[in-house]
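> here is my input, please return the structure:
(2 chains)
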Amino acid sequence: MQHLKPAKSFALAAACMALFTGAALADPDPTAELVIDGELHLVTRAPSDDITPYLPERYSGWLFRSEGTRDIQMDDFENPGLLTVDAGLAAWETAEGTAGQSCQDCHGDIEEGMAGVRAVMPHLNADGDLRSMEDYINTCRTERMGAEAWGWNGGDMIAMTAAISMQSRGMPVAVEITGDAAPYWEQGRDMYYTRFGQLELSCANCHEDSFGQMIRADHLSQGQINGFPTYRLKNARLNSIHNRFRGCIRDTRAETFAIGSDEFRALELYVASRGMGLSVEGVAVRN
Amino acid sequence: MTEVRPRIRLPRRASAGDSIVVKTLINHDMESGQRRNSAGETIPRQIINRFTCEFNGAMVLDAALEGAISANPYIEFEALVDQSGDFVFTWYDDNGDVYTATEAFEVS
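Numbers count the residues shown, from 1 in each chain, chains lettered A, B, ... in the order given. Got it, this is the predicted structure:
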């Protein structure tokens, strides 16, 4: 395994499969099919294009996980993230704040009002500023509902983003990266290829050059964010995209950007664009 | 705590006389009584202390739950189904609340 070169040196996806199957643990399986409850087929492999010239193919992080972990996500009864989704669905219908309104009062049923939202996040607002789903939720809360803003990483916020993300499950990631969004996308791309921290690692060093290989006891994925918020077995809760970014940058022994910072919004847009074509997985299950 | 909502998962089909896997889950904090709040006061215990499953009136499982069981208790067991009928699941909360769920099951 150590003798294999980084994935980008392989021209053919078939070679990447050899990289997978040649691993000491044969658990990651690029041919696995992600089907929720035997009904909903999700796209876990998508063709690469100009956005990701160094990726032979786009892989959902689900393919890199062990069979046991993959199975949990295939069954909504077993997926513990669905409990948090339920909490978010209840909050959707609950009136809060001085205006006495709930999300439902303006947006209607979440199944209709929020379908497709996760797939296009982050997204430019009316002023042309890049905003994440958390920002839109808090804008609604403070400006329309007269309620307190939620913390980016708090349980209430994660439950709401989970409930909203579920309404896009199965839809392809399709963020807007041209026009006014282009400067943000370029900022994110520059961050992706910038080495951070004492270990001098960029996102690309692990998630582009070395996906499929081992990082300590774990298989490196491509760092796709189509499954967020993601239930991690590691901390037994749903995790936000920015929280995951922070953890990754921290592990390079760098001072990280703040959760909810402009830098992370830009990185979120760029990383989301690297997963275009993959299905939104609602609440994924990972290590 | 959000509204308590029991979840049941039964197999899609089974023949009379089969043993089927029954999965149940209920969202509940299972407050152990061991923790303290930010003011240092003990948070009183509030757990699901008993779970039962009946099939056509016959007891399948009657379980006592204790304080060390984690939140959102997931209980999986096997049940023999010799005919079609109704499963009735009941959870007993320390605060006196009783949550029930009923699932019809048909054998082929």
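
> going forward, measure contacts and count neighbours with C-alpha atoms only.
OK.

> residue in the stretch 1-150 of chain A nearest to chain B?
Ranking the residues of the stretch 1-150 of chain A by distance to chain B (Cα to the nearest Cα) places residue A:87 first, at 6.1 Å.

> what does the pLDDT read for that residue?
On pLDDT, residue A:87 comes in at 90.

> run the chain-centre distance for the host helix or strand of it.
Element membership for residue A:87 (DSSP states H and E) is helix A:81-92. Here helix A:81-92 shows a centroid-to-chain-centroid distance of 18 Å under the convention Cα atoms, centre = their mean, to the nearest Å.

> ok, then the element right after that helix?
Helix A:81-92 is succeeded, C-terminally, by helix A:103-107 (DSSP H and E).

> helix, strand, or coil at the residue of chain B positioned farthest from its centre?
Largest separation from the mean C-alpha position in chain B: residue B:39, at 32.8 Å (Cα atoms, centre = their mean). Per DSSP: H, G, I helix; E, B strand; the rest coil, the local secondary structure of residue B:39 is coil.

> what's near enough to touch it?
For residue B:39, no contacting residues are found, by Cα atoms under 8 Å, 6 or more residues apart in numbering or on different chains.

> list the contacts of the helix holding residue A:87.
A:76, A:102-104, A:110, A:156, A:158-163, A:166, A:230-231, A:237-238, A:283-285, B:2-3, B:27.

> spell out for me which residue occupies the centre of chain A.
Ranked by distance to the mean C-alpha position of chain A (Cα atoms, centre = their mean), the top residue is residue A:225 at 2.1 Å.

> excluding chain neighbours, what is closest to it?
residue A:272 (6.1 Å; Cα to Cα, 6 or more residues apart in numbering or on different chains).

> show me the contacts for residue A:214.
residue A:220.

> quick one, strands of the stretch 101-250 of chain A?
A:123-124, A:130-131, A:214-215, A:218-219, A:230-232, A:237-239 (DSSP state E, counting those that start in this stretch).

> now the ones you listed in TSV, with mean pLDDT?
As requested, these are exported to TSV (pLDDT from 0 to 100):
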stretch	mean pLDDT
strand A:123-124	94
strand A:130-131	95
strand A:214-215	90
strand A:218-219	88
strand A:230-232	95
strand A:237-239	94
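
> closest to residue A:180 out of those strands?
Taking Cα to Cα, strand A:123-124 is the member of the strands of the stretch 101-250 of chain A nearest to residue A:180, at 8.0 Å.

> can you name the residues in contact with the closest one?
A:130, A:131, A:132, A:175, A:176, A:180, A:181, A:269.

> strands paired with it, and their directions?
When pairs are called by DSSP bridges, strand A:123-124 turns out to pair with strand A:130-131 (antiparallel).

> excluding its backbone neighbours, what's nearest residue 78?
You didn't pick a chain, so chain A it is. Taking Cα to Cα, 6+ apart as the measure, residue A:78 lies nearest to residue A:72, with 5.4 Å between them; neighbours along the chain are not counted.

> you looked at the wrong chain, it should be chain B
Sequence neighbours aside, residue B:21 is the residue nearest to residue B:78 in space, at 4.5 Å (criterion: Cα to Cα, 6+ apart).

> and the gap between the one you found and residue B:75?
Per Cα to Cα, to the nearest Å, residue B:21 is found 11 Å from residue B:75.

> repeat that for residue A:279.
Using Cα to Cα, which is the criterion applied here, residue A:279 is 32 Å from residue B:75.

> is it correct that residue B:64 is in contact with residue B:49?
Yes. Shown here, residue B:64 and residue B:49 form a contact pair, counting by Cα atoms under 8 Å, at 5.8 Å.

> compare those two (neighbour count), which wins?
Looking at residue B:64 and residue B:49 with other Cα atoms under 10 Å in any protein chain shown, you find the greater number of neighbours at residue B:49, namely 17 against 10.

> the more buried one is in what secondary structure piece?
Residue B:49 is located in strand B:48-55, with elements delineated by DSSP H and E.

> report the angle between the next helix or strand after that strand and strand B:48-55.
Sequence-wise, the next helix or strand downstream of strand B:48-55 (DSSP H and E) is strand B:58-64. Relative orientation of strand B:58-64 and strand B:48-55, computed by axes from the mean of the first three to the mean of the last three Cα atoms, to 10 degrees: 170 degrees.

> hang on, the earlier thing: what's whichever strand or helix holds the residue nearest to residue B:78 packed up against?
Counting by DSSP H and E, the element that carries residue B:21 is strand B:18-26. Packed against strand B:18-26, as judged by 3 or more Cα pairs under 8 Å, 6 or more residues apart in numbering or on different chains; DSSP states H and E, are the following elements: strand B:6-9, strand B:74-81.

> what's the angle between the strand holding residue B:49 and strand B:74-81?
For strand B:48-55 against strand B:74-81, the angle by the same axes, to 10 degrees is 20 degrees.

> what residues does strand B:48-55 touch?
With Cα under 8 Å, 6+ apart as the test, strand B:48-55 has contacts from B:28, B:30, B:59-66, B:85-94.

> check the offset of it from the chain's centre.
Averaged C-alpha coordinates place strand B:48-55 at 6 Å from its chain's average position (Cα atoms, centre = their mean).

> next: stretch B:82-94.
Between the centre of stretch B:82-94 and the centre of its chain there are 9 Å (Cα atoms, centre = their mean).

> check which residues of it are buried.
Along stretch B:82-94, these residues count as buried under the neighbour rule (16 or more other Cα atoms under 10 Å in any protein chain shown): B:83, B:84, B:87, B:88, B:89, B:90, B:91, B:92, B:93.
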